[in-house]
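Chemist: Kindly return the folded structure for what I paste below:
(chains A and B)
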Amino acid sequence: MIRLFYFEIRKNFLTKYIFLAFSLFLIINGLLIYKNYIFGDGKSTGYFMPHSADTRKQWEFYRSMHKKLDGDLTIEKANFIIDENNRLQSIVSDGTYSKEYQSSTYTGYFWGDYVMVNKYFYLPMKYISTYSMEAAKIVEKAKDNIAFYERYENKYEKAKNEFIADCYSRRKINIFYDGKPWELLFDYEISDLLILLLMLLGLVPMFVNEKETSMGNLILASRNGKINMAIIKVASALSFVFFLVLVFSCENFLAFKYLYGLNGYGMPLYAIEKYQYSPLTCSVLTFYFMSQLIKTIGLFAFGMFISLLSSLLNRVIYIYLLSSFFMVGSIYTSGYTASVELKKTLLSLFSPFTLLKSNELYSRLVDINFLNNFVLLPNLCIYIQIIIISILFLLLSRSAVFLNLEMSKTPSVQEVHKNGI
Amino acid sequence: MAFEWKKILVKQRSIGIISIMILLKVGLTLLNGYDSHYIIDRNPDGYSFYINQYKGKLTEGKKARIETEYYAVGHAAGELEDLSNRWQEGKIDQVQYENLSRKYYERQKNSAVFNVVYNQYYYAKDEPNERYIMDTRGWSTLLCHDNPDFTLVLCLIIILTPLFCNEYESGMDALLLSSVKGKYKTCLYKLSVGIILAVGIAVLFCIIEFVCVNIMVGLNDGGFPLQSLEFFQNSNHRISLNQAFIAVALFRILGVILMVVWISIIGISSKKSIITLFLSSVFVFMPYTFLKGNSLLYYLPLPSGLFSGVGYLRGTSWVSTIDQSGSAVKIIQFQEIDKAVLGILLASYGVETVLLLLYCLKRYSGYMLTFRTLKNKTRKICGCICMIAVFSIFFTGCVKEAVENNFTVNALESMEYGETENYCISFDISKRNITAEDKKTGEIFELIRDPFEQGIEICSLFVCEEWCYYLSRIPQVEGIRVYGIDMRNLQQKLVFNNVRENEEDFFGIFSKGSATKDFAKRTNTYLPVFCFIIDREHIYYGVDSQLIQINRVTGKEAVIAHDVAEWKSLFYHNGDIFYVDKQHRLSMFKKDDGKVYQVDTIYTDGFFINGNRIEYQDLLDGNKIQYYFFNKDSTF
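Modeler: A predicted model of the protein is given here:
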C-alpha cells in the first residue's frame, strides 16, 4: 500500500513540470509579498506606508518605538504615549505649525510625528486598554438577553446570547504589540490562487493519464488494484494539496516575519481590532495554523472535485474547463459568507472556497439559525465540506473502478474472456 | 486547411464550446448591467430631458442656459412656497397659481437629476473643446473598465490548446512530420486556422458587448470626444468614442493573435495539454494579480495588457494625500502611455508576434522525431456530469408573513408607532431604537437587542398584525434592509435586502465594486426616510421627496412619485397611496395601473382618511376642513 502510494506520488507529482511550476510560484509568491512590503498598501491614508527614502525616518521611528513599548502594557508606557499624543496634537491642532524640517522631532516634521504617534501607538493602545470594558458591556447585554428570550421561548436567541455571555467574558488584553502585520498575513490570499493553479496542474491529469496509457486495465487486473487504486490516488492527491498548503503557509509566515517582524505570538486574536468581535480566544499564532488547517479542508474538497472529473472524463481540456468554471463560480459564491440572506449564506456554505476565508469567518460572530438552533457558520461549513469530501470520495471510488472496467472491455480482452483465460 | 477547420471545429467540439461561451458572454454582460447612478435610475426621463437639452459641445449660450437653470432649480422650492403663500393670502388666484407653479414644480421634481447633469457640465467647462456633455452610461460601461474578458480568455485557451497538443497526444505528430507537407504546411495551416478563429471570436465578443450595452442603455453620441468620459479626462488621444471602441477592439484582436502564438509555442514545446492549459492561464491572469491598475501591465510582452486595452488610451491619474510635513501632495496612480511609446509598443507586439510565429514554425518542423509508440486514440467521453445541486430554498425568496393589502394606515404615525395584540411599539428617531410596551404588565423593553455594535442605523418602523417591521441602513453603503420581528416569540427575520454583499475580486484580478466610492451615493444614506409601509407584494419607502416601491419577489425598485412633500400627510389605503405633492395637490398613486393621479382639484397641506372619506384642510377655502368621498376601489 505504502509502495503504491509512493509510486502514485512519483508518477503524478514528482514530475519536472510540476517541480518547475512549484518553484516558480514559490518565487513569485515571495516577490509579491516583497512588492507589497516595498510599495505599502497603496492607500493615501493606509497603515502600511511604502518603504522608500522618504519614509525611512518614519519606519525607523516606528521600529525604535515598538522596541521600547512592546511587551506588557504598563501605566508608564500608556502615560508616555498619551503625553506625546497630547503634546503633538496641541502643536498641529491650530494648523499654524512649521512645515519646515525640524531636527528635534522623531520624523523630521511635526505633522509626521503626530500622525506616527497617533496612528501607530496612541489609537492601538487606546483600543487595547479599553477592550475589557467593551467586552464586559457585550457580556452584560447578552446576559440580560438570555433571561429576556427565555421568557419568550426564543430558543435560537437564547442559545446565541448564552454563547456570547460565555465566549466574551473574562476577555482582557495585557500586552501591546502591533497586530496589523498579523492582520495583513491573515488577509494575504495570493498564495491560495497559486495553490489552486498548481492543483489544476497536478490533479487534472491524474486519472486521465491512466486512461490514455491504458494503465487502468493493468491496475485493475492486479489483486489490490480494484479497491486500492482510488484510495491510493485520492490519498496521493490530498497529500499533494497538504504539501502545497504547508509549504506556502510556511513561506508566507517566514516572509511576513522577516519583512514586517511579526511579534507577540501569544497575543490573543481579539487584540487585533478587526477581530475584536471574534468568537475565538486563541492566540494569533494558533489562529494562523488553524486557518491553514481549515483552508486545507476546503482545498481537499476542491481537489476531490477535480479528481472526480478526472475519473469521469477522458480529455484534459474538458476537466480543466469544468474545474475552472467550478472554481470561478464557487469563489464568487464564497463572497456571500457574511450575507444576511439565508439562500446566499447556504450557497457560500456549499462552496469549498469559503473555508479559504478564515479571516472573514472568524473576524466576528457569524452564525446561522439552523432549525431554530444557534450554529456557528464556520463550524457548519467545515462539517458540510467534510460530508462533501466523503460523498465525492465514494463517487470517485465507484467511477474509478467501473469506468475502468468498462474501458477494459476492448476486443482483445473480450477474446481473452471468450477463451476462458 | 479544410481538414484543420474540420478537426478544430467538429472533432475537437470547439463549436459546442464556442456556443456555450457565447451564451455565457451574453448572460454575463446582461447580468452585470451598466454603469449608472441611482439618481438617474430613479428618474431616467428627467435625465433624458436635460441631456437632450444640453448634450454636445459646451457653447456660451448653453453655459448661460445651464447656469440659469441651476439658479432656478436651486430656488424652485422657495419660489413654490412663496407662490403658495401668495395664493393663500389671495394675491393670486388658483389659475395663476397653477400656471406659475408648474415650471417650479417640474424643476423641483427633477432637481436631483439636474444636479447630475450639472456635475457633468462642471467637468466639461474646464475643457469645453474636448469634453462634451452626454449620456455617459453606455460608453462608460464599454470603455471605463480595465478588467480582462474572462470568458474570451478561457474560450481561447480551451479551443487553442488542442491545436497542436492533440497531435502529440494521439501520436499523429510522427505521421505528420514524416511528410513534407505535414512538416511545414500543417503548422502554417494550424496557425492560420487558430488566428482566424481567435480573431473571429474576439470580434464576436466585442460585437456582443456593444449590442448588449446598446440594448440595455443605448450608445448614442459615439462621435463625441473620448475625454467626455471622466475616466479619460487627462488622455492626450484626440479621438472619438467610436474610434476609442474600435481601438480597444483592435488592441484585443492583437492580443488574441499574440495569445494564439503563445499557446502554440507552449503546446509545441510541452506537447501536453495540461501544461499548455496551465501556462497559458498563468501567462494571461497572473499579470493582473501583480499589476492591476498599474501602467506597467501595458508594457509586458504578454497579451494581458492588450486584453484590457483601455490603459493605452488613458491619461495620467493622481491621488491627493498629505505628506509628513502636513502639505498636500499628489501621487501618481496611473502613468499615461505616451503616443510615441504606444506606437513603439504596438510595433513591438507586431514584431514579437511575427518572431514567435517563425519560431513556432521552426520548432514544430524541426522537432526531432523520436518514434514513440503510438498512443491509443483518445477514447470517447464515457461519462457525463450528473451533479446538479438543487437548492429549492433559493426559489422560495424572502420570508413571507401574513401581511394583507386591505388596510389603511397613516404613514406619518405608523413609522413611529404601532400596536400588536399585546404590545405598543414605538420608534425613537433620535436614539434610533425601537421599544415595546406590554399592554398587560406595562413593562417596556428594547426590541433590537444585539449585544454587538453592528453599525446599522434603524430608520423607520411599521407594525402590521403581529409583526413589527423596521427599515435599516448601513451608513455610507447603498441599499436598505427590512427586518420583521414576530411579536409572538420575538424571532427576527429578514424580509428584504438590497445591500450589495458580494465584493469578491478573484484574488485581485477583477476590480472591487465602486459602491462606496461615489460621494453622492454615500451621502444619500444619511437622508431621512419619511415613510415606510409594507404590504403583501410591495415595500414602500420615501426618501429625498421620492416615493419608492420595491417588489418583494423580484426586488425590483421603482420610483412611483418624485414630488412628495416630505413629513406631510401620507396614507396607504388598500394598496393605493395618497400624498400631498410639492404643489400642495392631493395626489394618489394607484396600484392597479401604477400611475399617479391628482385627486380632483384638492389643494391641501394635511388630510386624513377615514373609511372611504378623506378629511382635508382646504387651502382654497381658508384652511377649512372639507370632506371628500371616494369609492371602495379608490375611484372618484
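
Chemist: only C-alpha atoms for contact and neighbour calcs from this point on.
Modeler: Will do.

Chemist: Near chain B, which residues of the stretch 201-350 of chain A are found?
Modeler: For the stretch 201-350 of chain A, the contact set with chain B under CA under 8 Å from any CA of the partner chain comprises A:201, A:204-205, A:212-213, A:277, A:309, A:312-317, A:320-321, A:328, A:331-332, A:335-336, A:338-341, A:343.

Chemist: among these, which are in helices?
Modeler: Among these, DSSP state H puts A:201, A:205, A:212, A:309, A:312, A:316-317, A:320-321, A:328, A:331-332, A:343 in helices.

Chemist: from those, which two are the most distant?
Modeler: A:E212 and A:K343 (41.7 Å; CA to CA).

Chemist: Now do the buried residues in the helix or strand encompassing B:K330.
Modeler: For B:K330, the enclosing helix or strand under DSSP states H and E is strand B:328-334. By neighbour count with 16 or more other CA atoms under 10 Å in any protein chain shown, strand B:328-334 contains the buried residues B:F334.

Chemist: Briefly note if it comes near chain A.
Modeler: No: Strand B:328-334 stays clear of chain A (CA under 8 Å from any CA), getting no nearer than 8.6 Å.

Chemist: Give me the sheet partners of that strand and which way each runs.
Modeler: strand B:317-322 (antiparallel) (DSSP bridges).

Chemist: same question for the partner strand, mean pLDDT?
Modeler: Across strand B:317-322, pLDDT averages out at 78.

Chemist: just how off-centre is it within its chain?
Modeler: In terms of CA atoms, centre = their mean, to the nearest Å, the centre of strand B:317-322 is found 26 Å from the chain centre.

Chemist: now stretch B:199-217
Modeler: 18 Å.

Chemist: who's in contact with that stretch?
Modeler: By CA atoms under 8 Å, 6 or more residues apart in numbering or on different chains, the surrounding residues in contact with stretch B:199-217 are B:22, B:25-26, B:29-30, B:33-34, B:137-138, B:141-142, B:152, B:219, B:249, B:252-253, B:256-257.

Chemist: ok, and the helix or strand in chain B with the lowest average confidence?
Modeler: helix B:519-524 (a mean of 55; mean pLDDT, DSSP states H and E).

Chemist: ok, and does stretch B:170-185 reach over to chain A?
Modeler: No: judged by CA under 8 Å from any CA, stretch B:170-185 and chain A are separated, with a smallest distance of 9.1 Å.

Chemist: Just the buried residues of that stretch, please?
Modeler: B:G171, B:D173, B:A174, B:L176, B:L177, B:G182, B:K183, B:Y184.

Chemist: if we can go back for a sec, and the residues of the stretch 201-350 of chain A next to chain B, which of them are buried?
Modeler: For these, buried by 16+ other CA under 10 Å: A:201, A:204-205, A:212, A:277, A:309, A:312-317, A:320-321, A:331-332, A:335-336, A:338-341, A:343.

Chemist: what's the following helix or strand after the least confident helix or strand of chain B?
Modeler: Counting by DSSP H and E, the next helix or strand C-terminal to helix B:519-524 is strand B:529-534.

Chemist: For that next one, which strands pair with it and how are they oriented?
Modeler: strand B:538-543 (antiparallel).

Chemist: ok, back up a step: average pLDDT for the strand holding B:K330?
Modeler: Taken as a whole, strand B:328-334 carries a mean pLDDT of 77.

Chemist: Other residues contacting that strand?
Modeler: Strand B:328-334 is contacted from outside by B:G293, B:N294, B:S295, B:G315, B:T316, B:S317, B:W318, B:V319, B:S320, B:T321, B:I322, B:D323, using CA under 8 Å, 6+ apart.

Chemist: Could you double-check that the third one lies in contact with B:G311?
Modeler: Which is B:S295. Yes: between B:S295 and B:G311 there is a contact under CA atoms under 8 Å: 7.0 Å.

Chemist: For those two, indicate the residue with more neighbours.
Modeler: Remark: of B:S295 and B:G311, B:G311 carries more neighbours, 27 against 19, as counted by other CA atoms under 10 Å in any protein chain shown.

Chemist: For the chain, give me the ranges with low pLDDT.
Modeler: If you meant another chain, say so; for now it's chain A. Within chain A, the segments meeting pLDDT under 70 span A:43-44, A:214, A:216-217, A:219-228, A:400-421.

Chemist: You answered for a different chain; I wanted chain B.
Modeler: In chain B, residues with pLDDT under 70: B:177, B:180, B:366-405, B:511-525, B:632-636.

Chemist: Could you check which residue of the stretch 201-350 of chain A lies nearest chain B?
Modeler: Per CA to the nearest CA, the residue of the stretch 201-350 of chain A with the smallest distance to chain B is A:G335, at 4.9 Å.

Chemist: For the closest residue to A:L395 other than its chain neighbours, grab the count of nearby residues.
Modeler: Once flanking residues are discounted, A:L395 sits nearest to A:L308: 7.3 Å by CA to CA, 6 or more residues apart in numbering or on different chains. A:L308: 27 surrounding residues under other CA under 10 Å.

Chemist: Identify the contacts common to B:S295 and B:G311.
Modeler: By CA under 8 Å, 6+ apart, the residues touching both B:S295 and B:G311 are B:E336, B:I337.

Chemist: Now for the closest residue to B:R449 other than its chain neighbours: which residues touch it?
Modeler: Excluding its sequence neighbours, the residue lying closest to B:R449 (CA to CA, 6+ apart) is A:N145, at 7.0 Å. A:N145 makes contact with A:K158, A:N161, B:R449, according to CA under 8 Å, 6+ apart.

Chemist: Tell me how far the second one lies from chain B.
Modeler: A:N161 sits 8 Å away from chain B, going by CA to the nearest CA, to the nearest Å.

Chemist: Surely that residue and A:A142 touch.
Modeler: Yes: taking contacts as CA under 8 Å, A:N161 lies within contact range of A:A142: 4.9 Å.

Chemist: which of the contacts of stretch B:199-217 are buried?
Modeler: B:22, B:25-26, B:29, B:34, B:137-138, B:141-142, B:152, B:219, B:249, B:252-253, B:256-257.

Chemist: Show me those residues that map onto strands.
Modeler: With strands defined by DSSP state E, no entry of the buried ones among the contacts of stretch B:199-217 lies inside them.

Chemist: Determine which two of these are furthest apart.
Modeler: Counting by CA to CA, the most remote pair of those is B:R137 and B:I257, 30.5 Å apart.

Chemist: Stretch B:15-35 and chain A in contact?
Modeler: No: using CA under 8 Å from any CA, stretch B:15-35 stays clear of chain A, with a minimum separation of 9.6 Å.

Chemist: And the contacts of that stretch?
Modeler: Residues from elsewhere that reach stretch B:15-35, judged by CA under 8 Å, 6+ apart: B:9, B:137-138, B:140-141, B:151-152, B:155, B:159, B:205, B:208-209, B:212-213, B:216-217.

Chemist: Drop anything exposed from those residues.
Modeler: Those of those that meet the buried threshold are B:9, B:137-138, B:140-141, B:151-152, B:155, B:159, B:205, B:208-209, B:212-213, B:217, by 16+ other CA under 10 Å.

Chemist: okay, among the residues you listed, which ones form the most distant pair?
Modeler: B:L9 and B:R137 (37.4 Å).

Chemist: now the host helix or strand of A:L293, how far from the centre of its chain.
Modeler: Using DSSP H and E, A:L293 sits in helix A:284-312. With CA atoms, centre = their mean as the basis, helix A:284-312 stands 10 Å off its chain's centre.

Chemist: Restricted to strands, list the contacts of A:N145.
Modeler: Using DSSP E, no member of those sits in strands.

Chemist: What helix or strand is the residue in chain A that chain B sits nearest to located in?
Modeler: Nearest residue of chain A to chain B: A:G112, at 4.1 Å (CA to the nearest CA). Using DSSP H and E, A:G112 falls within helix A:110-117.

Chemist: Nearest spatial neighbour of the closest residue to chain A within chain B, chain-adjacent residues omitted?
Modeler: Residue of chain B nearest chain A, by CA to the nearest CA: B:Q324 (4.1 Å). Nearest non-adjacent residue to B:Q324, counting by CA to CA, 6+ apart: A:G112, 4.1 Å away.

Chemist: Appreciated, that's everything.
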